[in-house]
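Asks: Give me the fold of what follows.
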Amino acid sequence: MRTIPLRDFQREGVKALGAGFSAEPLLLTGRDQEFVLLQVSPDNRTAVLDLAEGLAAVLALRQDQDRAVETGLDQMSAEDVEAEIREARKEIRRRKRLA
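Replies: All right, here's what the predicted structure looks like:
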């Protein structure tokens, strides 16, 4: 995987990618963020977008799991989880009655 500074890509656009841009992913690196640039053809567009959405979902799940560990929620028992769900459902029903 080639790496290109984000600043170069912003300034030069496609020229920064170099000649012979291939299907190889490119990593655009900036100060605070990095981006992966993939070539997408009409034949694989849907598959690539599906994979990207799945990856985004996995990353969000991992972030939620990390937050659960940080706050101790990963130590809740199944009974405690069920009690939380029951309370949330009661609150939803209560709000619907009031609306």
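Asks: Secondary structure element for residue 49, which one?
Replies: Assigning secondary structure by DSSP states H and E places residue 49 in helix 45-71.
Asks: what about that helix, distance to the chain center?
Replies: Relative to the centre of its chain, helix 45-71 is centred 5 Å away, using Cα atoms, centre = their mean, to the nearest Å.
Asks: cool, stretch 41-57 as well?
Replies: 13 Å.
Asks: Can I get it in CSV? Just the C-alpha atoms.
Replies: C-alpha atoms of stretch 41-57 as CSV (Å, rounded to 0.1, in the frame of the first residue of the first chain):
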residue,chain,number,x,y,z
SER,A,41,-14.9,0.1,-11.2
PRO,A,42,-18.6,-0.1,-12.2
ASP,A,43,-18.2,-3.9,-11.9
ASN,A,44,-17.1,-3.9,-8.3
ARG,A,45,-18.7,-0.7,-7.0
THR,A,46,-21.5,-2.3,-5.0
ALA,A,47,-19.2,-5.0,-3.5
VAL,A,48,-16.7,-2.3,-2.4
LEU,A,49,-19.4,-0.1,-0.9
ASP,A,50,-20.9,-3.1,0.9
LEU,A,51,-17.5,-4.0,2.4
ALA,A,52,-16.9,-0.4,3.4
GLU,A,53,-20.2,-0.2,5.2
GLY,A,54,-19.5,-3.5,6.9
LEU,A,55,-16.1,-2.3,8.0
ALA,A,56,-17.6,0.9,9.4
ALA,A,57,-20.1,-1.1,11.4
